[in-house]
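Chemist: Mind looking at a prediction? Sequence and model below.
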Amino acid sequence: MRTILAAALLATAVVAAAPAAAQHPIATSNPGAAIIVTSTDDVIATYLGTSAAFTDLLYLENTNTFLFNNQQTPVGTTVNLGSFAIGTELVFRLLVTNTGDEFFSGSPSRNFDGLGHAAVENDYLVPGTTLVSFEDLPNSQEFNDLSFSFTGTLAGAVPEPATWTLMILGFGAVGGAMRRRIATTARVRFA
């Protein structure tokens, strides 16, 4: 009986002494949303944590810049990404070193499993700050494997090329119809 009680007390002490699981913010909305620059100010990225067992490396594809290693980067580390033109889509790449898989922010078509692997939330804690959380497993959408925030951005949709084509054709048709209408109503007849 004493042995069981001693073992139970020892197990309780070990569990109590063990560090608690890291708590970090996890974005859960807008998987596959584009991340759009909204200011000409420098974009500052801040590492917020992970719960992943795999080692994930985060890169900014626009400049091929390494940002964070989810197993080695201290929480709170910041990286200045520089300034971008307003409207630029920032594309992030997550390299899972254990599997060799790569996942991208933005359009799900960038990922081999056809899923969005980065959830994006606007106005995280303060207006103009975006929270991004990545998922590092195929066919999964838990978004708990690497979280970071950055300033001067907004989650939004960037139209695909086919959408741009349809919009331009639509504007052209509307413009042509308006021109024809103006030309027919502007005729003046004298008797």
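Modeler: Alright, I've got the coordinates.
Chemist: CA atoms for contacts and neighbours, from now on please.
Modeler: OK.
Chemist: quick check, residue 109 in a strand?
Modeler: No - judged by DSSP: H, G, I helix; E, B strand; the rest coil, residue 109 forms no part of a strand; its state is helix.
Chemist: quick one: contacts for it?
Modeler: Counting by C-alpha atoms under 8 Å, 6 or more residues apart in numbering, residue 109 makes contact with residue 115.
Chemist: Also the one 5 residues further on?
Modeler: The contact partners of residue 114, by C-alpha under 8 Å, 6+ apart, come to residue 108.
Chemist: can you check residue 28 too?
Modeler: 119, 120, 121, 133, 142, 143.
Chemist: ok, how many other residues are close to the nearest residue to residue 78 once chain neighbours are set aside?
Modeler: Spatial nearest neighbour of residue 78, excluding adjacent residues (C-alpha to C-alpha, 6 or more residues apart in numbering): residue 46 at 4.4 Å. Neighbourhood size, residue 46 [other C-alpha atoms under 10 Å]: 19.
Chemist: Point out where the chain drops to low pLDDT.
Modeler: Scanning the chain for pLDDT under 70 picks out 1-22, 154, 156-176, 180-191.
Chemist: go with 80
Modeler: Residues of the chain meeting the criterion pLDDT under 80: 1-23, 152-191.
Chemist: which residues in it form helices?
Modeler: Taking DSSP state H as the test, the helices found in the chain are 2-17, 161-185.
Chemist: what comes up buried for stretch 68-75?
Modeler: Judged by neighbour count using 16 or more other C-alpha atoms under 10 Å, the buried positions of stretch 68-75 are 68, 69, 70, 71, 75.
Chemist: ok, residue 32 - how many residues close by?
Modeler: Using other C-alpha under 10 Å, residue 32 is surrounded by 24 other residues.
Chemist: care to break the chain down by domain?
Modeler: According to automatic domain parsing, the chain comprises the domains 34-158, 159-191.
Chemist: Distance to residue 24 added to these, as a markdown table?
Modeler: As requested, those are exported to a markdown table (distance: least, C-alpha to C-alpha, whole Å):
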| stretch | distance to residue 24 |
| --- | --- |
| domain 34-158 | 5 |
| domain 159-191 | 32 |
